[in-house]
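Enquirer: Predicted structure and sequence below. I'll ask about it afterward.
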There are 2 protein chains.
Amino acid sequence: MERIPILKLGDVLIVTIQVDLEDQSVLALQEDLSDMVVSTGAHGVIIDITAVDIVDSFIGRVLATIAGVARMLDAQTVVVGMRPAVAITLVELGLSLGGVRTALNLEKGIALLDHVWDPAR
Amino acid sequence: MERIPILKLGDVLIVTIQVDLEDQSVLALQEDLSDMVVSTGAHGVIIDITAVDIVDSFIGRVLATIAGVARMLDAQTVVVGMRPAVAITLVELGLSLGGVRTALNLEKGIALLDHVWDPAR
């Protein structure tokens, strides 16, 4: 079970982070995710971090990188399920998660993507 | 990150199994899931096992138990993302996953739940 599964729902991809992210799994996730954005033509990526208790600058960078890559591929990234303690740590670390939108939960994340994404553009 | 996160989407709960299930995490998942079915009034539970390479009779029983508990609480369970190799193993082990419906992926699982569930009953 070394790869983090990516769920597809309409044109949104959903990833739930449950395991401690290490260099190897992060690289695999980035690769899988960008492949899947391209192959499915997804317009949004939702990363659920409900299960993440502790964040450090590494996870902060990972999220920002994933969002950056997705943006290149014309998909928006929304991080959902952030715990209050995680938000506090991120601010204290001075990590603003530039370019990453956040929403309280999966439903709000999907609503945000629907709102942001304009099929007519 | 000892607890498996449960995502809510409308009246469906989504669980992605990414870690090796051990007694402790299974008990926690069953408890969290049944609590959440009750608190949200969910009518469906989707368990994604895309990341599960190997199944044994333990996982088979876990899935059947979760489905049984959910049914008591008036929710249907659908297992999605089963790999061909896993299906073969399950059949070879003689595990029929009684009471558990399966669908190819998340989208089909949600469609199945919509189809099965009749709000007017």
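Expert: Happy to help now that I have it. Just so it is clear, the structure is predicted and the values come from calculations on it, not from any experiment. Numbering: from 1, shown residues only, chains lettered A, B, ... in the order given.
Enquirer: centroid residue for chain A?
Expert: For chain A, the residue nearest the mean C-alpha position is residue A:47 (3.3 Å; C-alpha atoms, centre = their mean).
Enquirer: So residue A:109 sits against residue A:76, correct?
Expert: No. Under the criterion of C-beta atoms under 8 Å, residue A:109 is not in contact with residue A:76, lying 9.9 Å apart. Backbone N, C-alpha and C define where each C-beta goes, glycine included.
Enquirer: If you count surrounding residues, which of the two has more?
Expert: Per other C-beta atoms under 10 Å in any protein chain shown, whichever of residue A:109 and residue A:76 has more neighbours is residue A:109, with 28 against 21.
Enquirer: Surely the more buried one is in a strand?
Expert: No. Counting by DSSP: H, G, I helix; E, B strand; the rest coil, residue A:109 is not found in a strand; it is helix.
Enquirer: Tell me which residues touch it, please.
Expert: Residues counted as contacts of residue A:109 (C-beta atoms under 8 Å, 6 or more residues apart in numbering or on different chains) are A:46, A:78-80, A:103.
Enquirer: Repeat the analysis, applying 10 Å as the threshold.
Expert: A:12, A:14, A:44-48, A:76-81, A:101-103, B:7, B:9 (C-beta atoms under 10 Å, 6 or more residues apart in numbering or on different chains).
Enquirer: In chain A, where is pLDDT below threshold?
Expert: A:1-2, A:116-121 (pLDDT under 70).
Enquirer: List, one by one, the residues from chain A near chain B.
Expert: Contact residues, chain A versus chain B (C-beta under 10 Å from any C-beta of the partner chain): A:1-10, A:14-20, A:46, A:48-54, A:80-81, A:105-107, A:109-110.
Enquirer: If you count contacts, what does the longest helix anywhere in chain A end up packed against?
Expert: Counting residues, the longest helix found in chain A (DSSP state H) is helix A:23-40. Contacts defined by 3 or more C-beta pairs under 10 Å, 6 or more residues apart in numbering or on different chains; DSSP states H and E place helix A:23-40 against strand A:6-9, strand A:12-16, strand A:44-48, helix A:57-72.
Enquirer: hang on, residue A:87 packs against residue A:96?
Expert: No. Checked against C-beta atoms under 10 Å, the pair residue A:87 and residue A:96 is beyond contact range at 11.2 Å.
Enquirer: State the helix or strand in which residue A:102 lies.
Expert: strand A:101-103 (DSSP states H and E).
Enquirer: From the contact counts, what lies against that strand?
Expert: Looks like strand A:101-103 contacts strand A:44-48, strand A:76-80, helix A:106-116 (3+ C-beta pairs under 10 Å, 6+ apart).
Enquirer: Export these to CSV and append columns for distance to residue B:26.
Expert: Formatted as CSV, these follow (distance: least, C-beta to C-beta, whole Å):
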stretch, distance to residue B:26
strand A:44-48, 20
strand A:76-80, 25
helix A:106-116, 23
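Enquirer: So which of these is the most surrounded?
Expert: Neighbour counts (mean count of other C-beta atoms under 10 Å in any protein chain shown) averaged over each of the helices and strands packed on strand A:101-103 peak at strand A:44-48, with a mean of 26.
Enquirer: Surely residue A:30 touches residue A:72?
Expert: No. Using C-beta under 10 Å, residue A:30 makes no contact with residue A:72, being 11.8 Å away.
Enquirer: quick one: residue A:61 from residue A:55, how far?
Expert: Remark: distance between residue A:61 and residue A:55 (C-beta to C-beta, to the nearest Å) = 10 Å.
Enquirer: and the longest helix of chain A, which residues are buried?
Expert: For helix A:23-40, a neighbour-count test (16 or more other C-beta atoms under 10 Å in any protein chain shown) marks A:25-26, A:29, A:32-34, A:36-37 as buried.
Enquirer: Now tabulate these in CSV and tack on distance to residue A:68.
Expert: Written out in CSV, the entries for the buried residues of helix A:23-40 read as follows (distance: C-beta to C-beta, whole Å):
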residue, distance to residue A:68
A:25, 18
A:26, 14
A:29, 14
A:32, 16
A:33, 12
A:34, 10
A:36, 16
A:37, 12
